[in-house]
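Participant: Coordinates for the following, if possible.
(chains A and B)
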Amino acid sequence: GAGVSQSPSNKVTEKGKDVELRCDPISGHTALYWYRQSLGQGLEFLIYFQGNSAPDKSGLPSDRFSAERTGGSVSTLTIQRTQQEDSAVYLCASSLAGTGYGKLFFGSGTQLSVL
Amino acid sequence: GNSVTQMEGPVTLSEEAFLTINCTYTATGYPSLFWYVQYPGEGLQLLLKATKADDKGSNKGFEATYRKETTSFHLEKGSVQVSDSAVYFCALRKNEKLTFGTGTRLTIIP
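Facilitator: Got it, this is the predicted structure:
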């Protein structure tokens, strides 16, 4: 497809379970971002991948969160031992080199609900 | 650290009214500034940007001017339409990361 694709669009899980969220960026975009959007909050930066450089993980809220990007394309965000406070919309975005002059292309997000 | 503070919503206006959504920022150096918009059922998309002081970004009738002296980037539109109903996010870019505000929900009534 032409845009950033995220799956699943909705995920309901039980507290303590692990979840994996997937992001397919736009082909040719070297930069990939994960953000989290909680009710009443702004977009919280989680992690940033740029080409083959080491990712910027400075936004990950705890060691239960991790992400990888395989082959410079698809990315997976993993949350281990989910907690209720992890409930949020997880957004992926991609751009051309670096921040592509600030033009990030966002996916529609994964709505995560932890019961 | 870097932060963005924007006008709390929700904001409800009648069609053809004048719109202002306030945005101020805190950052070291000279960040680039952006407004993103999220229409109902759609993903966030870039609305406009400004990369240096006194620059004016504009798109779809919206404008915002980078004011270094007041560290502001207020969004304005002279005559809003029902189709402008959306959530608007102010953001700054520093060191390859975008920092977003909390968003302002705008509803335009016919």
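
Participant: who touches residue 61 in this structure?
Facilitator: Since no chain was named, I'll use chain A. By CB atoms under 8 Å, 6 or more residues apart in numbering or on different chains, the contact list for residue A:61 reads A:44, A:46. Placement of C-beta: from N, CA and C, glycine included.

Participant: wait, chain B
Facilitator: Going by CB under 8 Å, 6+ apart, the list of residues near residue B:61 reads B:77, B:78, B:79.

Participant: If you drop the residues flanking it in sequence, what lies closest to the first one?
Facilitator: Same thing as residue B:77. residue B:19 (4.4 Å; CB to CB, 6 or more residues apart in numbering or on different chains).

Participant: Please identify the residues of chain B in proximity to chain A?
Facilitator: Residues of chain B lying close to chain A (CB under 8 Å from any CB of the partner chain) are B:4, B:32, B:34, B:36, B:42-46, B:49, B:51, B:89, B:91, B:93, B:96-103.

Participant: Just the ones in helices from the residues you listed, please.
Facilitator: Using DSSP state H, no member of the residues of chain B next to chain A falls in helices.

Participant: on that earlier part again, the residue nearest to residue B:77: neighbour count?
Facilitator: Residue B:19: 18 surrounding residues under other CB atoms under 10 Å in any protein chain shown.

Participant: Among the residues of chain B next to chain A, name the buried ones.
Facilitator: Among the residues of chain B next to chain A, those buried by neighbour count (16 or more other CB atoms under 10 Å in any protein chain shown) are B:4, B:32, B:34, B:36, B:43-44, B:46, B:49, B:89, B:91, B:93, B:97-103.

Participant: re the thing from before, which ones are touching the residue nearest to residue B:77?
Facilitator: Counted by CB under 8 Å, 6+ apart, residue B:19 has contacts B:11, B:13, B:75, B:76, B:77, B:80, B:84, B:106.

Participant: Pull out the buried members of those.
Facilitator: B:11, B:13, B:75, B:77, B:80, B:84, B:106.

Participant: roughly how far apart are the nearest residue to residue B:84 once chain neighbours are set aside and chain A?
Facilitator: What sits nearest to residue B:84 in space, not counting adjacent residues and going by CB to CB, 6+ apart, is residue B:108, at 5.5 Å. Going from residue B:108 to chain A by CB to the nearest CB, to the nearest Å gives 22 Å.

Participant: Helix or strand: which one has residue B:108?
Facilitator: Using DSSP states H and E, residue B:108 falls within strand B:104-109.

Participant: what packs against the one helix or strand in chain B whose mean pLDDT sits lowest?
Facilitator: Sorting the helices and strands of chain B by mean pLDDT, DSSP states H and E puts strand B:97-100 at the bottom, at a mean of 88. Contact partners of strand B:97-100 among helices and strands, from 3 or more CB pairs under 8 Å, 6 or more residues apart in numbering or on different chains; DSSP states H and E: strand A:31-37, strand A:43-50, strand B:3-6, strand B:86-94.
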